[in-house]
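A.B. asks: quick one: sequence plus predicted model below, questions after.
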Amino acid sequence: MSSPATAPPAPSNLRRIVAASLIGTTIEWYDFFLYGSAAALVFNKLFFPESDPLVGTLLSFLTYAVGFAARPIGALVFGHYGDRLGRKKLLVLSLLMMGGATFAIGLLPTHATVGTAAPVLLTVLRLVQGFALGGEWGGAVLLVSEHGDARRRGFWASWPQTGAPAGQLLATGVLSLLTAVLSDAAFTSWGWRIPFLISGVLVIVGLWIRLSVDESPVFREALAQAEARKAAARKAEDAAERLPLVAVLRHHWRDVLIAMGARMAENISYYVLTAFILVYATTSAGVSKQTALNAVLVASAVHFATIPLWGALSDRVGRRPVYLLGAAGVGLWMFPFFALVDTGDFRYLLLAVTVGLVLHGAMYAPQAAFFSEMFATRMRYSGASIGAQFASVAAGAPAPLIATALLSDYGSSTPIALYVIVAAVLTLVAVGVAQETRHRDLADLTDLAEPADGEAAVSRTAGARSV
């Protein structure tokens, strides 16, 4: 029988929690992806005009990658305080930081106005975006995972994951609309600023919804246990264990490595499918900017719709089988993907991106529950965030940059396809050695956060992993 602290919430309350996480992550990803699309389309001209077009695109993607470099720092800071103060407070802060940075990008002067100060300011704001997003993901998925029904955790936790395609859909949709109604000159001159300024309105809506939800009951119970231990005057030598980062590295280092490996194919393939494709389709396949944006737009809608289905499937067959299917599928799809894009036909381009994103969803959907179930409650925010965001530095951050460089050096899609395939193999190995987590009870993992002594900690860790 569930304790009051861990009893499943009423359906209406759970739906409100899911909606709050979904809307918040949608806004955060809208801000983050908007930058990526703008980097591919106009930032090379506005902030790096003295370079030739492809080099300018490379420099533009380099500032794009800087945002990923800040994500692990955000994961450390937000994870630490999220495990000590709660999920909700840190989620509000991350939304404010992301929205403020995005709005400020819409007000930035360009290279023509302030010279080299323009790309410097752009880079600083991109760092703020990355820092905020590094703390957003872990908190959003944990808020749902720790509130929800354990039997359908994969399904409910997959909804915050749909914030990524929803944000991509929103960002691409706004850009597609603007490029359709504005001339190239008008869009390059001032139209590109509109989507960034819209973020200010979206953040207000997101804050109103996010402030309406309660803190995770599993976290509240774990916090109460921790306070009881403090009241019992724990030994001084155990004080370091109260730092979530130290606890994660001591008890869950293997899980952190597995999470990082699991992210490789998921992260790299996504940015090749949604960001780099805008460069490849327009420069190598002869597709117009509007056509490429429309393909990503429609494919993102399908991606959004299929993520909860993959999440529900992970509740029935397990996290690992669904994740492995997605990794293998993405690897096998890469050569057909580029062959379809090379036709220059919108129908084949749409098919290529849609199938790729559906296969990506098989990894992305169970990821939220999978990573949440790996870690104890008082180190779960830190563990899930560190595993996910440290991987992004080696995976998603350089993916468009590496793909663009490979295209520039070899003039062929073959090295790019092989790049994604290698990432898929790494993910298959990482998930293949992981243990299935579907039946783990998050509430039963609360006492792993601050063990009374090292021997007891090892015993409890082993017990939790044998579930």
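C.D. replies: Okay, I see it. Owing to the predicted nature of the structure, the values given are computational and were not obtained by experimental measurement. Residues are numbered from 1 along each chain as shown.

A.B. asks: which residues touch Thr414?
C.D. replies: By C-beta atoms under 8 Å, 6 or more residues apart in numbering, the residues touching Thr414 are Phe338. All C-beta atoms are positioned from the backbone trio N, CA, C, and that covers glycine.

A.B. asks: nope, Ala394 is what I meant
C.D. replies: The neighbourhood of Ala394, defined by C-beta under 8 Å, 6+ apart, consists of Met260, Met264.

A.B. asks: please report how far it lies from Phe33.
C.D. replies: The spacing between Ala394 and Phe33, counted by C-beta to C-beta, to the nearest Å, is 20 Å.

A.B. asks: check Leu170 too.
C.D. replies: In this structure, Leu170 lies at 8 Å from Phe33, with C-beta to C-beta as the measure.

A.B. asks: same check, this time on Phe48
C.D. replies: 20 Å.

A.B. asks: what's the answer for Ala75, then?
C.D. replies: Using C-beta to C-beta, we find Ala75 at a distance of 19 Å from Phe33.

A.B. asks: kindly report the same for Val296.
C.D. replies: In this structure, Val296 lies at 10 Å from Phe33, with C-beta to C-beta as the measure.

A.B. asks: so between those two, which is more surrounded?
C.D. replies: Val296 (30 against 24; other C-beta atoms under 10 Å).

A.B. asks: isn't Pro195 right up against Ser176?
C.D. replies: No - in terms of C-beta atoms under 8 Å, Pro195 does not count as a neighbour of Ser176; the distance is 10.4 Å.

A.B. asks: grab the nearest non-local neighbour of Val302.
C.D. replies: Counting by C-beta to C-beta, 6 or more residues apart in numbering, the nearest residue to Val302 once its immediate chain neighbours are dropped is Thr354, at 5.2 Å.

A.B. asks: wait, the one you found touches Val298, no?
C.D. replies: Yes - at 7.1 Å, Thr354 counts as touching Val298 under the criterion of C-beta under 8 Å.

A.B. asks: okay, the two: which has more neighbours?
C.D. replies: Here Thr354 and Val298 are set side by side on neighbour count (other C-beta under 10 Å), and the busier one is Thr354, at 20 against 16.

A.B. asks: where along the protein do the strands fall?
C.D. replies: Counting by DSSP state E, the chain forms no strands at all.

A.B. asks: okay, now Ala185: neighbour count?
C.D. replies: Ala185 is surrounded by 9 other residues when neighbours are defined as other C-beta under 10 Å.

A.B. asks: typo on my end, it should be Pro49
C.D. replies: By the measure other C-beta under 10 Å, the count of residues near Pro49 is 12.

A.B. asks: same question for Val120.
C.D. replies: Applying the criterion other C-beta under 10 Å, we find 13 residues in the vicinity of Val120.

A.B. asks: if we can go back for a sec, out of Pro195 and Ser176, which sits in the more crowded spot?
C.D. replies: Each of Pro195 and Ser176 has its neighbours counted (other C-beta under 10 Å); Pro195 has more, 25 against 19.
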